[in-house]
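**Student:** Any chance you can model this:
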Amino acid sequence: MNIEDMQKRIDEWFREIGAEYWDVKSMGLRMAEEVGELAREINNKYGDKPRKIGEKEETKKIDLELGDILFTACCIANKLEINLGETFKLTMDKYEKRDKYRHSK
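**Tutor:** Okay, here's the model as predicted:
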């Protein structure tokens, strides 16, 4: 599924359930929360901070946190009428020009 399809599917789902997007500030805070949850999962699995005693590990937790971030990014983009596919092309152009040799060995 491409990013435009994701945006469309989310928008259709919101219409189906009769909901509205949160305001942009709330969604921005939600994004920060989701990124924090991803960071926690990465730190638990690969970093120096183990899970709390008794806290079970879910094998797909990092995948799901990335999915939550994508969902939230699509919601923000939909609210602001931003086409993430077009935005991604502009971002890649920037990285391909500015950082063309930056990460080469």
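**Student:** Going by neighbour count, list what's buried in stretch 51-67.
**Tutor:** Going by neighbour count (16 or more other C-beta atoms under 10 Å), the buried part of stretch 51-67 is 61-62, 65. Where you see a C-beta, it was placed from the backbone N, CA and C, and this is true even at glycine.
**Student:** so what's D63 up against?
**Tutor:** With contacts defined as C-beta atoms under 8 Å, 6 or more residues apart in numbering, D63 has no neighbours.
**Student:** For the protein, name the helix or strand with the lowest mean pLDDT.
**Tutor:** helix 84-98 (a mean of 92; mean pLDDT, DSSP states H and E).
**Student:** Okay, buried residues for that one please.
**Tutor:** Within helix 84-98, judged by 16+ other C-beta under 10 Å, the buried ones are L84.
**Student:** ok now it, how far from the chain's centre?
**Tutor:** 17 Å (C-alpha atoms, centre = their mean, to the nearest Å).
**Student:** which residues touch it?
**Tutor:** Against helix 84-98 from outside (C-beta under 8 Å, 6+ apart): 2-4, 6-7, 73-74, 77.
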